[in-house]
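S.K.: Here's my sequence, what's the structure:
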Amino acid sequence: MVTELNSSISVVIATLNEEEGIGPTIVEMRKVLNNPYMVVIDGNSVDRTIEIAKNMGADVMLQEGRGKGDAMFQGIKTLAAKVPYIVFTDADYTYPAQYIPQMVEILETNPHVGMVIGNRFKGQYNLSKTITNPFYVGNKLLAFAQLVMNGVNLGDPLSGLRVVRTQALDGWKPKSKGFDVEAEMNTIIERRGYGIMEVPIDYRDRMGEKKLKLRHGLGIMKRILSESFFFEV
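M.R.: This next block holds a predicted model:
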């Protein structure tokens, strides 16, 4: 078991109108990770997200740009020089924090690994529901596309739970502004010579309104295609 996690990791949470899920997400992170530093990058929420996050003790910064990609980049800039590992998770309470110590331990014992991702489809996910779910089907199609076009072989490439070795992202300025940022991150990590590992995780129903729409899949596919032809480290 990894010890003193709070001294080795920090958590980045991008938010936009997540008043239902942000509180439970922060509470669970604090409990599992022994009170880590957490920064919430908020995209100008109009509900109580900011208030709740501040009351829970997280540092809150207003997002300078728009979209999940910009929010994650702002979090990276804030933390890059401070910790060896950065945890990214969503604010809707879908990703259980209990798997993060295992993910950090993989990074600590495998220096060639640059990122560990939580694979939702290897956990206790209800496959009878997901097989006919267009989001599940879309994820699998995008996983295949990223393998063929970018050489990145992952079962759940769009998972929002990931622990990244900070030095693997050194100097990276993502081109992605939205939900395509995970696909771009996968590519940058591998092309910089690091491995990516996945661990099976359970996945909960989200709290609050779902942000990801089917139309976002087109943007993710465009990112995968663009990364196959144009790439800058």
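S.K.: okay, CA-based contacts and neighbour counts for the rest of this
M.R.: Noted.
S.K.: For the helix or strand hosting residue 187, name the packing helices and strands.
M.R.: Assigned by DSSP states H and E, residue 187 belongs to helix 181-191. Judged by 3 or more Cα pairs under 8 Å, 6 or more residues apart in numbering; DSSP states H and E, the packing partners of helix 181-191 are strand 195-200, helix 216-229.
S.K.: Other residues contacting it?
M.R.: Identification of contacts with helix 181-191 by Cα atoms under 8 Å, 6 or more residues apart in numbering yields 68-69, 114-115, 146, 150, 152, 157-160, 168-169, 174-176, 195-196, 220, 223-224, 227, 233.
S.K.: so of the residues you listed, which ones are in helices?
M.R.: Applying DSSP state H to the contacts of helix 181-191, the entries found in helices are 68, 69, 146, 150, 220, 223, 224, 227.
S.K.: Now the fourth one: closest residue in space that isn't a chain neighbour?
M.R.: Nearest residue to residue 150 in three dimensions, chain neighbours excluded: residue 228, at 5.4 Å (Cα to Cα, 6 or more residues apart in numbering).
S.K.: Report how many residues lie close to the one you found.
M.R.: For residue 228, the neighbour count with other Cα atoms under 10 Å is 15.
S.K.: The helices and strands packed on helix 181-191: lowest mean pLDDT?
M.R.: Confidence, taken as mean pLDDT, is least for helix 216-229 of those (a mean of 78).
S.K.: wait, isn't residue 113 in contact with residue 105?
M.R.: No. Counting by Cα atoms under 8 Å, residue 113 stays clear of residue 105, with 11.0 Å between them.
S.K.: Give me the more crowded residue out of those two.
M.R.: residue 113 (20 against 15).
S.K.: Kindly tell me how buried the residue lying closest to that one once chain neighbours are set aside is, as a neighbour count.
M.R.: Of all residues beyond its chain neighbours, the one nearest residue 113 is residue 195 (4.4 Å), with distances taken as Cα to Cα, 6+ apart. Applying other Cα under 10 Å, we find 17 residues neighbouring residue 195.
S.K.: In contact with residue 195: list those residues for me.
M.R.: So residue 195 contacts 112, 113, 114, 115, 189 (Cα under 8 Å, 6+ apart).
S.K.: Which among the helices and strands packed on helix 181-191 is found nearest to residue 24?
M.R.: Judged by Cα to Cα, the one of those that comes nearest to residue 24 is strand 195-200, at 21.6 Å.
S.K.: how far off helix 181-191 does that closest one point, in degrees?
M.R.: In terms of direction (axes from the mean of the first three to the mean of the last three Cα atoms, to 10 degrees), strand 195-200 departs from helix 181-191 by 130 degrees.
S.K.: Tell me the gap between the helix holding residue 187 and the middle of its chain.
M.R.: Put simply, helix 181-191 sits 12 Å off its chain's centre (Cα atoms, centre = their mean, to the nearest Å).
S.K.: still on that earlier bit, and the helices and strands packed on helix 181-191 as CSV, adding distance to residue 87?
M.R.: Below are the helices and strands packed on helix 181-191 laid out as CSV (distance: least, Cα to Cα, whole Å):
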stretch, distance to residue 87
strand 195-200, 14
helix 216-229, 22
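S.K.: hang on, the earlier thing: need the contacts of residue 195 in a markdown table (columns: distance to residue 8 and pLDDT).
M.R.: Listed next are those as a markdown table, based on distance: Cα to Cα, whole Å; pLDDT from 0 to 100:
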| residue | distance to residue 8 | pLDDT |
| --- | --- | --- |
| 112 | 18 | 97 |
| 113 | 16 | 98 |
| 114 | 15 | 98 |
| 115 | 15 | 98 |
| 189 | 20 | 96 |
